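Visitor: Starting from these lines, generate the structure:
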Amino acid sequence: MDSDIRALLEGMSMSQAGHLPAVAAFLRRIDLAGAVNAAVPSEMEVDIGTYMPQKKSPPG
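Guide: Next comes the predicted model:
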């Protein structure tokens, strides 16, 4: 069993996610995207509640 766990862990890639998974789960639970979509009608291919623009990094 110990070798099975080691083999599983060796095949995994780890990264730090911080608080984002908990925040994302909370926002899904309260259906924030649904509330935004109801408040802001749109004909975009991706609805407003799903779309999230990313900040552009300053050059350099």
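
Visitor: Low-confidence ranges, the chain, go.
Guide: Along the chain, segments meeting pLDDT under 70 span 1, 52-60.

Visitor: which residues of it fall in helices?
Guide: For the chain, applying DSSP state H gives helices covering 2-10, 20-29, 32-39.

Visitor: Can you check which of those helices gets nearest to residue 50?
Guide: Each of those has some distance to residue 50 by Cβ to Cβ; the shortest is helix 32-39, at 5.7 Å. (Each C-beta comes from the backbone N, C-alpha and C, glycine too.)

Visitor: which residue is nearest the middle of the chain?
Guide: For the chain, the residue nearest the mean C-alpha position is residue 24 (5.7 Å; Cα atoms, centre = their mean).

Visitor: State the distance from it to residue 5.
Guide: Plainly put, residue 24 is 28 Å away from residue 5 if you go by Cβ to Cβ, to the nearest Å.

Visitor: Likewise for residue 27?
Guide: 33 Å.

Visitor: For these two, work out which one has more neighbours and name it.
Guide: residue 27 (13 against 9; other Cβ atoms under 10 Å).

Visitor: For the more buried one, list the residues it contacts.
Guide: By Cβ atoms under 8 Å, 6 or more residues apart in numbering, the contact list for residue 27 reads residue 33.

Visitor: From residue 48, how far out is it?
Guide: Per Cβ to Cβ, residue 27 is found 14 Å from residue 48.

Visitor: Likewise for residue 35?
Guide: Distance from residue 35 to residue 48, by Cβ to Cβ: 11 Å.

Visitor: which one of the helices of the chain is the most hemmed in?
Guide: helix 32-39 (a mean of 13; mean count of other Cβ atoms under 10 Å).
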